[in-house]
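J.: How does the following fold in three dimensions:
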Amino acid sequence: MYVYTNLSAALRDKTSPLRKYLHERYPNTRPVQAEYRREAGPLLVDTGGANPATLGAAFDFAVRFLLVPDHAPVLPLLGFFGYPEESAVVESVIETAQAAVAPTATDVDTLSRACWALALCTDVYRRGLLRDSALDHLLRTGRFAPDPLLSLTPPDAIRQLWELRGLADDHLLPHLKPPTFPGPTFDASVLCNADADIISAGLLLDLKTHLGPKNPRTGTRADSLSANDLYQVIAYALFDHTNTYALTHVGIYSARYAHLATWPLPTLLTTLADTPIDIADERETVWNLLGGR
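T.: Here you go, the predicted model:
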């Protein structure tokens, strides 16, 4: 049994077999990173204090609902498994998000609030219920209901999500075509938990809301692409052991910079490895590395 419960943890740990394999097999990251930096523009949406991790998750949910209006995410519910009353509240928030992107709706504010609430609920599944958190307070005071949950979104989060949504309307959504799979999992997710952001017509896309490093001399920020960002998207592709999604490309959308970067999957793997790559063989290697049989 593979000892790392999720892909993010495996990539963060320099001693994990998966990270060691990816770093040794695909060391040639610098040309891809340099090209990414050349194509990136200036920071367009700055932060204002809203929790960056929650904001990133909320933006992910917003894009998924905009692409698939009847999307019914599972992760926000898993943290409340076995608690039917609380689960019903989360389901109501999901329905609120779905209604906000219906063809006759233009309620961006409600979508932002619903996605923020779903991000908080997902965090309960990923990290547990944090003592003295906003959700903990609602639960302990018997106020865990749709309206109080929607009211937890700070004004700065709504502002950022509005601005990020506007950029995505112009720079992301027009490039995504059906069939679309929001929050896809893979064959190897049963061995090491991994769920991507979006697959759209053979393109596996990871959404990022990072600010990027600050230049100490000028004080300005610049978009960046870490090696782990690259390893994450190719790991998703290699986790698709049976080629269920028929992936042809992988990419990253840096939301604060409205920067969409995509690469043909075989070309990216060959560049990173600096040698020709057989994708089926790589998938088999990763499958076995994770303990697949």
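J.: can we go C-alpha only for contacts and neighbour counts from here?
T.: Fine.
J.: Low-confidence bits of this structure, can you list those?
T.: Applying pLDDT under 70 to the chain picks out residues 1-3, 104-106.
J.: residue ranges for the strands of it, please.
T.: 180-182, 198-200, 203-208, 249-254, 259-264 (DSSP state E).
J.: Quick one: distance of the second one to the chain centre.
T.: Its chain's C-alpha centre lies 11 Å from the corresponding centre of strand 198-200 when counted by Cα atoms, centre = their mean, to the nearest Å.
J.: try the first one
T.: Here the centre of strand 180-182 is set off from its chain's centre by 12 Å, with Cα atoms, centre = their mean.
J.: All further residue positions should be reported with the first residue as 51.
T.: New numbering, starting at 51: the last item is strand 230-232.
J.: Sheet-wise, list the partners of that strand with their directions.
T.: Here strand 230-232 has these sheet partners by DSSP bridges: strand 248-250 (antiparallel).
J.: repeat for the last one
T.: According to DSSP bridges, the neighbouring strands of strand 309-314, each with its direction, are strand 299-304 (antiparallel).
J.: Which parts of the protein are helices?
T.: 57-62, 67-75, 80-89, 102-117, 125-128, 134-150, 158-177, 184-190, 196-200, 205-221, 277-289, 315-323, 329-339 (DSSP state H).
J.: what would those look like in JSON lines with distance to residue 259?
T.: Output for those, formatted as JSON lines (distance: least, Cα to Cα, whole Å):
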{"stretch": "helix 57-62", "distance to residue 259": "16"}
{"stretch": "helix 67-75", "distance to residue 259": "23"}
{"stretch": "helix 80-89", "distance to residue 259": "16"}
{"stretch": "helix 102-117", "distance to residue 259": "5"}
{"stretch": "helix 125-128", "distance to residue 259": "20"}
{"stretch": "helix 134-150", "distance to residue 259": "20"}
{"stretch": "helix 158-177", "distance to residue 259": "14"}
{"stretch": "helix 184-190", "distance to residue 259": "23"}
{"stretch": "helix 196-200", "distance to residue 259": "22"}
{"stretch": "helix 205-221", "distance to residue 259": "9"}
{"stretch": "helix 277-289", "distance to residue 259": "12"}
{"stretch": "helix 315-323", "distance to residue 259": "23"}
{"stretch": "helix 329-339", "distance to residue 259": "28"}
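J.: out of these, which comes closest to residue 243?
T.: Of all those, it is helix 57-62 that lies closest to residue 243, at 6.1 Å by Cα to Cα.
J.: What residues sit buried inside that closest one?
T.: By neighbour count with 16 or more other Cα atoms under 10 Å, helix 57-62 contains the buried residues 57, 60, 61.
J.: List the residues that contact the second one.
T.: What it means is residue 60. 54, 66, 67, 68, 69 (Cα atoms under 8 Å, 6 or more residues apart in numbering).
J.: my read: the last one touches residue 57, true?
T.: No - in this structure, residue 69 sits apart from residue 57 without contact. The criterion is Cα atoms under 8 Å, and the distance is 9.3 Å.
J.: just so I know, which of the helices of the chain lies nearest residue 231?
T.: helix 102-117 (8.5 Å).
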